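>>> Here is a sequence with its predicted model. Questions after.
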Amino acid sequence: MAIPIYGWVQGDTVIVVVLAREEQTVAELTAQLCQAASVRVAEKGAAYATRGGRRLDPDAPLHAVGLRALERVDVLFA
Amino acid sequence: MLERDDWLDLARKLDWDFSYVGEREVFPEEISGRPWLLHAQWQAWDEPYRTTYREYVKNQHAKEASVQAVHEALGGFDDLKKLPASWLCALKLHAATLPLAEFAAVVGNLRAARFGRDSAWRDTALLAALDELRHTQIPLRLMHQLVRHDPQFDWTHRLFHSNDWVAIAGRHLLDELLLGSDPIEFAIATNFVFETGFTNLEFVGLSSMAHATGDKMFEKMVQSIQTDEARHAQICEPVLETLMRHAPERVQYLVDKWFWRSWHFFAIVTGFAMDYLTPVGQRTASFREFMEEWVIEHFERALARHGLRRPWYWSEFTASLGTYHHMVYATAYTYRATVWFDMVLPGPEERAWLGAKYPETWPEFEPVWERITERCKKAGPDVEWYTHGVTPIGFCNLCQIPLCAGNPRHNSAQIVERDGVSFAFCSEPCRFIFEREPERYAAHRDVVKRILDGEAPANLVSLIRDYFGLSEPIWGKDLMRGRYPWLKGA
């Protein structure tokens, strides 16, 4: 099932909205968000995703981390 | 023959005791506003201008003649063609947002002309309604000739009848501020906060830039409007005097609410024009400098005069003076096809100026513009989409503006669930306003919810064309189509 996610990439000026699939991994969502922000933000190192300040397991599928529709995920650079 | 002052109060003070109906029936709280007070509490209402209708007509006639003279002398299309191209973009932003906003203010004033609680208030509000009608007509008159020469100018007349995101945000603000508010809220929100607090940004600040760019018509237009604003802004003073005796916390809440909402509006309309669309050589000060001098200093004095506090989010507000319009502009530039005016890619000279004016915050924006510049250079001239976003962005469920609050290090958006529905707020003050009156705001759907409900297409091009109503000749592009002389060496 597709779920819309609010995503912010460190260094960006706005929050984007991407449509993710429940079975895709956190790493894939992270890459999706970086791509969405790439017109304004150059990747500055290894990107990782956080929710509510807690780092998400990059290998976990989205359904496993309990990500729900219209939640916010932040992408930070190590 | 009676002297003016002998008969004026007889004409202005026409309140009487009702015999067949009660005062609450004549002035229901739902329309007249709260706190509902007996007329005895309002009967000292007065304002310093005390203008008669005869004087009003005479004065306005002279002002109209003056505007018309400037229009005839300097308002031809050939005169406008001489203006900087980027300044014309600022004019398009104003041509779309100004006239219908002013027209909505006619309605707000007319409601006060019927349901204001003292006859002198109603009398003054009637003249203010006529003012706002004039403020609608002046920009339409002065800029109308541009319609046939430029399809983007033509589209400015359609904005508020479209579902463009700027129109959705504009209607959300202006419908509540001007069309839906009762006379008490209108007096505080429009007359006190919006007009007394903010409009000097346009009347003094942007007017000085219009002068510097050689746009005598815009300069004359806003100066002529200012002379009216000064008079009907006086409506708020006696309203505040009474309210502060009976409901000071309600006044404080309305000030807190409308200052934040007005700030977002002006940060975009005036902030874009001052810091990005006016050529560097013609900028007389930065948007923040004008805000500090003409809004903050004046407004703080006005608050103190009435025994009001600064809004509770004051530190957040002052921090956003150096960030918010930069956040929105960078976002809008990379989604420029969603608006009806072209936008400028700030070059080295502009960025050096912004760096000097915003030394604490601009360094955070440099990487964003470096990135966009790099992509612009790589794409070459006439390639819009390589410097344009393709992914939908989030919108605030209160102000309906993209989630751009905070800074590039920290976006302050909050996602809040309420009765099983998710709401996004760009900032704590927007959330505060929403949560104080959820019944007023909760049913309004932002662009993202419209997409998810299937009302609006998710594909950006379809969204722009089919939902926002913009076609390729109209939608915003890079002003120079990527042909900046400085870009060759960038």
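Sure, I can see it.

>>> For A:Thr50, give me phi and psi.
Note on A:Thr50: backbone dihedrals following degrees, to the nearest 10 are phi -130, psi 150.

>>> List the beta-bridge partners for it.
Under DSSP bridges, the beta-bridge partners of A:Thr50 are A:Arg55, A:Asp74.

>>> Roughly how far does it sit from A:Ala78?
Counting by C-beta to C-beta, to the nearest Å, the gap from A:Thr50 to A:Ala78 is 12 Å. Just so you know, the C-beta spots here come from the backbone N, C-alpha and C atoms, and that holds for glycine as well.

>>> just B:Leu10 next, same as before
Distance, B:Leu10 to A:Ala78, by C-beta to C-beta: 78 Å.

>>> Also B:Glu455?
Plainly put, B:Glu455 is 40 Å away from A:Ala78 if you go by C-beta to C-beta.

>>> who has more neighbours, those two?
Counted by other C-beta atoms under 10 Å in any protein chain shown, B:Glu455 and A:Ala78 do not tie: B:Glu455 has more neighbours, with 12 against 7.

>>> got the contact list for the more buried one?
Residues counted as contacts of B:Glu455 (C-beta atoms under 8 Å, 6 or more residues apart in numbering or on different chains) are B:Arg445.

>>> Quick check: it is in a strand.
No - applying DSSP: H, G, I helix; E, B strand; the rest coil, one finds B:Glu455 to be coil, outside a strand.

>>> distance between the longest strand belonging to chain A and the chain's centre?
Determined from DSSP state E, the single longest strand within chain A is strand A:2-9. What separates the centre of strand A:2-9 from the centre of its chain is 6 Å, taken as C-alpha atoms, centre = their mean, to the nearest Å.

>>> what's the answer for stretch B:157-168, then?
Computed by C-alpha atoms, centre = their mean, the separation of stretch B:157-168 from the middle of its chain amounts to 14 Å.

>>> Now that stretch: buried residues?
Across stretch B:157-168, burial judged by 16 or more other C-beta atoms under 10 Å in any protein chain shown covers B:His157, B:Leu159, B:Phe160, B:Ser162, B:Asn163, B:Asp164, B:Trp165, B:Val166, B:Ala167, B:Ile168.

>>> on that earlier part again, which strands or helices does the longest strand of chain A pack on?
Secondary-structure packing of strand A:2-9 (3 or more C-beta pairs under 8 Å, 6 or more residues apart in numbering or on different chains; DSSP states H and E): strand A:16-21, helix A:26-37, strand A:72-77.

>>> how deep is B:Arg245 tucked in, by neighbour count?
Counted with other C-beta under 10 Å, residues neighbouring B:Arg245 total 11.

>>> residue ranges with poor pLDDT in chain B?
Residues of chain B meeting the criterion pLDDT under 70: B:489-490.

>>> who in it is up against chain A?
Within chain B, the positions near chain A by C-beta under 8 Å from any C-beta of the partner chain are B:326-328, B:330-331, B:334, B:365, B:367-368, B:370-372, B:374-375, B:386-394, B:402-404, B:408-409, B:411, B:413, B:415, B:422, B:424, B:448, B:452, B:458.

>>> Sort out for me which of the residues you listed are in helices.
With helices taken from DSSP state H, the overlap with the residues of chain B next to chain A comprises B:326-328, B:330-331, B:365, B:367-368, B:370-372, B:374-375, B:448, B:452.

>>> Listing partners with orientation, what would you give for the longest strand of chain A?
Strand pairing for strand A:2-9, determined by DSSP bridges: strand A:16-21 (antiparallel), strand A:72-77 (parallel).

>>> by how many degrees do it and helix A:26-37 diverge?
70 degrees (axes from the mean of the first three to the mean of the last three C-alpha atoms, to 10 degrees).

>>> then strand A:2-9 to CSV, C-alphas only?
Coordinates of each C-alpha in strand A:2-9 appear next as CSV, following Å, rounded to 0.1, in the frame of the first residue of the first chain:
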residue,chain,number,x,y,z
ALA,A,2,1.2,3.5,-0.8
ILE,A,3,1.6,6.0,2.0
PRO,A,4,2.2,9.7,1.7
ILE,A,5,5.1,10.9,3.9
TYR,A,6,6.2,14.4,4.8
GLY,A,7,9.9,14.6,4.4
TRP,A,8,12.5,17.2,5.3
VAL,A,9,16.1,17.0,4.1
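
>>> Pull out the buried positions in that strand.
Buried residues in strand A:2-9 (16+ other C-beta under 10 Å): A:Ile3, A:Pro4, A:Ile5, A:Tyr6, A:Gly7, A:Trp8, A:Val9.

>>> you'd agree the fifth one is up against A:Leu33?
Yes - counting by C-beta atoms under 8 Å, a contact exists between A:Gly7 and A:Leu33, whose distance comes to 3.9 Å.

>>> what is in contact with those two at once?
Both A:Gly7 and A:Leu33 are in contact with A:Val16, A:Val18, A:Val73, A:Val75, where contact means C-beta under 8 Å, 6+ apart.

>>> So the last one versus A:Ala36, what's the distance?
Relative to A:Ala36, A:Val75 is positioned 10 Å away (C-beta to C-beta).

>>> For the two, list the residues in contact with both.
Common contacts of A:Val75 and A:Ala36 (C-beta under 8 Å, 6+ apart): A:Gly7, A:Val9.

>>> for chain A, which residue is closest to the average position?
A:Thr30 (4.0 Å; C-alpha atoms, centre = their mean).

>>> How about the residues of chain A by chain B?
Residues of chain A found near chain B (C-beta under 8 Å from any C-beta) are A:4, A:6, A:8, A:10-19, A:35-36, A:39-42, A:69-72.

>>> before we move on, the earlier item: tell me the one of the ones in helices among the residues of chain B next to chain A nearest B:Gln145?
Of all these, B:Val328 has the smallest distance to B:Gln145: 30.4 Å, by C-beta to C-beta.

>>> just the strands in chain B please.
With DSSP E as the definition, chain B shows strands at residue ranges B:406-407, B:410-411, B:414-418, B:421-425.

>>> Relative to B:Cys396, how far out is the residue lying closest to B:Gly406 once chain neighbours are set aside?
Of all residues not flanking B:Gly406 in the chain, B:Ser412 sits nearest, at 3.7 Å (C-beta to C-beta, 6 or more residues apart in numbering or on different chains). Distance of B:Ser412 to B:Cys396, given as C-beta to C-beta: 10 Å.

>>> tell me, what's touching these two both at once?
Applying C-beta under 8 Å, 6+ apart, one finds that B:Ser412 and B:Cys396 are jointly contacted by B:Ala405, B:Cys426, B:Ser427.

>>> My guess is the last one contacts B:Ala319. True?
What that stands for is B:Ser427. No - taking contacts as C-beta under 8 Å, B:Ser427 lies outside contact range of B:Ala319: 10.8 Å.

>>> of those two, who's got more company?
For B:Ser427 and B:Ala319, the more surrounded residue by other C-beta under 10 Å is B:Ser427, and the numbers stand at 26 against 16.

>>> Leaving out the residues flanking it, which one is nearest to the more buried one?
According to C-beta to C-beta, 6+ apart, the nearest residue to B:Ser427 is B:Ala405 (4.0 Å).

>>> In contact with the residue in the stretch 151-300 of chain B positioned nearest to chain A, which residues?
As assessed by C-beta to the nearest C-beta, chain A sits closest to B:Trp165 within the stretch 151-300 of chain B, at 12.0 Å. Neighbour list for B:Trp165: B:Thr338, B:Phe395, B:Gln400, B:Pro402, B:Val447, B:Phe468 [criterion: C-beta under 8 Å, 6+ apart].

>>> Relative to B:Val339, how far out is it?
For B:Trp165, the distance to B:Val339 equals 8 Å [C-beta to C-beta].
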